[in-house]
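1. this one's sequence-less:
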DNA sequence: GACTCGAGTCCCGCC
DNA sequence: GACTCGAGTC
């Protein structure tokens, strides 16, 4: 193993016992983790006994790639004729916290009274549940809206509070109402055999707490645990880590307090500072030399982050002297901004021998990438849009996934979503009656749809509609054993005639085609998934899709992934690096985000750290831009340059700076 | 019950 | 600008 400096080497060589690596951006944190894994394997630790935890799937995939390069050919027995599915069973596990928890819960969650095939509710599912609850407890529309309820619930869950504790802490009327809703929300989830994203962590924690045998079993699976981006762990994640590593104590965590950007979901920097207290024999290694970026870029980053008053004073030292001065551009509007960025990339591609994969366009919010997508498509450049729930927000995706869930394990939200899609003559009143009975008598809704359980009084038309739906789903289910998952999905989509539904709703041929292609994307993803696994299951497919796992993504994206310009938020970019980075939309209200300004003293420093993360993604070339006007909700509005632009360039004395930072 | 139309709302970030 | 919801009509 070569190319490591003394501190990195020390971290890599510490093969056992607790280890804390405190490191700035670009100092080779991930490198330490991957090299350490490689070394563990070389020293005879079985691959499957190693668990690496990252925060995003993108980071997990990056790590897997690096790891394959490092250990793929030389260590262990890798047989290229073996199927990919079999091979992957003897690899180190690299996963996000959420995927890890899903795996654990799928094995033992029945101990907490949930079915093993529980559904995972995403944002849309949560919203419809929240809406229903507010209706049930008769909350007037203005007192508490569904997403306000969800906002409170998520906040409480991130702090590991239950409904009772939330109730005690509530001060305002709205909070009180939300706490009532919270209790009901949890009950409803359990009744439906569903969990939300926050539950994945909380229930795992609870499972470990209440069932020591399960904790033991899960802890025994691994002998070594490595956690990247440790500064972003919340209380639950912290406890899960402790529960898993308590015995073997081979725990390596890596983090940087300047890159803590997840306070809003309960991350606490204190964990990283308390590490040495919790693990008294922990070894601490510091990395301060930045290998990623040129001196010119590091200078900007250092200047910026110094504006945060409460932080560990450290200065990144650039190992790459000189470099091109970062560029700051100002454009007329967001369309021009996008066009100019794409023009610049296109020039660099032609003249400087760059590949598309060398570029990243980073933004603050998910509404920003649209003009960039348009411009990139026009320029015929390959790009990949990372993250953004937009794919799942599409009606067709929601519908198809709801149907797939019916094939697996019917849950209420899915049933309600498609009970009258395509229209089967089942109207609001009939649905209400069904719901009423489920809530009051706890009759599973699917049983009523199928007629296994007595249905509430229904008209002949409604009866026919329910029978139709039940027949379509059950016919496919009854032959499931003889057919692949893809065939099942195709059969069902065929039986319900979803294509005609699309043609019925949309008259434009273009619309029809693009809507239908979304359906095909889901089916293709299922086909890909099925081919790459030894034991594919629908549950697992839906999990992976929801959790954003790479191989659940569509085939098109897969091609692009090989060599494409990356479009992503700065949050998603954490832990990654690119030779050339464009940070766009540097305007007050976007970065820092409006919400952080309203909020309090904590808001802006976190936005500043986010900007710092963005800047330090760049290896050689950094371009920042803003536009003078930006459309919001259809109207163009004038913008104010981000305070961070002044800070980066050390212009705190500029009168304009005072203006924007004092707003 | 299905469909059309206009009013009102809209989300930061991630898994 | 895009999407959802509710009122009103067939």
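-> Thanks, I have the structure now. Keep in mind it's a predicted model, so treat the numbers as computed, not measured. Residues are numbered from 1 along each chain as shown, chains lettered A, B, ... in the order given.
2. all contacts plus neighbour counts: C-alpha atoms, from now on.
-> Noted.
3. can you get me a residue count around the residue of the stretch 151-300 of chain A found nearest DNA strand C?
-> Among all residues of the stretch 151-300 of chain A, residue A:151 sits closest to DNA strand C, at 17.0 Å; criterion: Cα to the nearest atom of the strand. Residue A:151 has 13 neighbours, counted by other Cα atoms under 10 Å.
4. and the longest strand seen in chain A, what does it pack against?
-> Among the segments of chain A that qualify as a strand by DSSP state E, the longest is strand A:618-627. When contacts are defined as 3 or more Cα pairs under 8 Å, 6 or more residues apart in numbering; DSSP states H and E, strand A:618-627 packs onto strand A:289-294, helix A:295-305, strand A:327-331, helix A:334-351, strand A:578-583.
5. pLDDT (mean, whole number) over it?
-> Summarised as a single mean, pLDDT over strand A:618-627 is 95.
6. between the helices and strands packed on strand A:618-627, which one is nearest to DNA strand C?
-> Ranking the helices and strands packed on strand A:618-627 by proximity to DNA strand C (Cα to the nearest atom of the strand) places helix A:334-351 first, at 12.3 Å.
7. is that closest one positioned near DNA strand C?
-> No - applying Cα under 7 Å from any atom of the strand, one finds helix A:334-351 separated from DNA strand C by no less than 12.3 Å.
8. name the SS class of the residue nearest to residue A:290 when sequence neighbours are not counted, please.
-> Leaving aside its chain neighbours, residue A:290 sits nearest to residue A:27 (4.4 Å; criterion: Cα to Cα, 6 or more residues apart in numbering). Secondary structure assignment for residue A:27 (DSSP: H, G, I helix; E, B strand; the rest coil): coil.
9. angles on the backbone of residue A:27, please.
-> phi -100, psi 10 (degrees, to the nearest 10).
10. my guess is it meets residue A:291, correct?
-> Yes - counting by Cα atoms under 8 Å, residue A:291 is a contact partner of residue A:27 at 5.8 Å.
11. who has more neighbours, those two?
-> In this view residue A:27 and residue A:291 are compared by other Cα under 10 Å, and residue A:27 has more residues nearby, 23 against 17.
12. and the more buried one, how far from residue A:258?
-> According to Cα to Cα, to the nearest Å, residue A:27 and residue A:258 sit 13 Å apart.
13. cool, and residue A:659?
-> As judged by Cα to Cα, residue A:659 and residue A:258 stand 26 Å apart.
14. quick one on the thing from earlier: the helices and strands packed on strand A:618-627: which one's closest to residue A:420?
-> Among those, helix A:334-351 comes nearest to residue A:420, with 40.1 Å by Cα to Cα.
15. after the closest one, next one along is what?
-> strand A:359-363 (DSSP states H and E).
16. and stretch A:246-256, how far from the chain's centre?
-> Relative to the centre of its chain, stretch A:246-256 is centred 23 Å away, using Cα atoms, centre = their mean, to the nearest Å.
17. so which bits of it are buried?
-> Residues A:248-256 are the ones in stretch A:246-256 that count as buried (16 or more other Cα atoms under 10 Å).
18. end-to-end on that stretch?
-> Stretch A:246-256 has its terminal residues 23 Å apart, counting by Cα to Cα.
19. what does the stretch 101-250 of chain A put close to DNA strand B?
-> So the stretch 101-250 of chain A meets DNA strand B at A:123, A:145, A:147, A:197-198 (Cα under 7 Å from any atom of the strand).
20. from these, list the buried ones, please.
-> Neighbour-count burial (16+ other Cα under 10 Å) applied to these gives A:123, A:145, A:197-198.
21. which ones among the residues of the stretch 101-250 of chain A next to DNA strand B lie within helices?
-> A:123, A:147, A:197-198 (DSSP state H).
22. ok, residue A:659 and residue A:258, which is more surrounded?
-> Neighbour count, other Cα under 10 Å: between residue A:659 and residue A:258, residue A:258 has more, with 25 against 11.
23. right, and that one touches residue A:311 too?
-> Yes - using Cα under 8 Å, residue A:258 is in contact with residue A:311, at 7.2 Å.
24. closest to DNA strand B out of the helices and strands packed on strand A:618-627?
-> Per Cα to the nearest atom of the strand, nearest to DNA strand B of those: strand A:578-583, 14.0 Å.
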